[in-house]
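Trainee: Attaching a predicted model along with its sequence, questions to come.
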Amino acid sequence: MNISMRKRAATVLTAAAIMVGGTMTVGASTAAAADIPPNVKFYYNNLGGGTYGIIGYSGNSVVGTGYWYADGDKLQAVDPSRDGYGIAAYLGTSPVREASTYGHNSPYTATKTGNLPEGRKYSFWICLGGNDGQICSDTLTVAA
């Protein structure tokens with residue numbers, strides 16, 4: 001009878017250890033897979049002449065910058081460093097115009113151009129992140 005109780009106790013303790021270990025592993029992999037820069041702040045700049053920039057910071061580091069140039073109807077996304085995050089810049093055209101650094105080695109600059117009707121207003125924004133998600137800025141209203 002003592003052997004049976006010891007086996008049962010060992011089985012229960014083993015099952016509990018496996019469950020706790022499995023829970024800790026799942027929790028760790030979920031947190032590691034977040035792939036969104038922490039503590040992101042966006043700064044918005046009117047650089048004059050119809051040029052606008054949005055800079056995304058994580059802590060004290062620039063994660064990425066997006067630009068809209070009215071002269072040339074140019075949208076640009078700039079990924080300055082190998083931090084594991086990409087950047088996409090968007091212009092609210094139909095369909096939405098996108099310049100993205102995702103899938104490229106940093107540093108990298110992506111540019112999209114195309115003629116747009118003069119004086120027409122559009123929304124411009126950027127998103128930062130990776131395969132598992134993004135965090136996006138507010139929009140700026142820009143003109144072609």
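Mentor: Perfect, I can see it now.

Trainee: Could you pull up the contacting residues of the spatially most central residue of the chain?
Mentor: With distances taken as C-alpha atoms, centre = their mean, G129 lies nearest the centre of the chain, 1.6 Å away. By C-beta atoms under 8 Å, 6 or more residues apart in numbering, the residues touching G129 are D35, I36, P37, Y85, G86, I135. Glycine gets a C-beta too; all of them are placed from N, C-alpha and C.

Trainee: Quick one: residues contacting A144.
Mentor: Residues near A144 by C-beta under 8 Å, 6+ apart: A70, D73, L116, P117, E118, G119, R120, Y122.

Trainee: Kindly report the same for A99.
Mentor: Going by C-beta under 8 Å, 6+ apart, A99 touches G66, L75, Q76, A77, A88, A89, A110, T111, K112.

Trainee: coming back round to it: quick check: the gap between the residue nearest to the centre of the chain and G84.
Mentor: Distance, G129 to G84, by C-beta to C-beta, to the nearest Å: 10 Å.

Trainee: thinking again about what came up before, now the buried members of the contacts of A99.
Mentor: G66, L75, Q76, A77, A88, A89, A110, K112 (16 or more other C-beta atoms under 10 Å).
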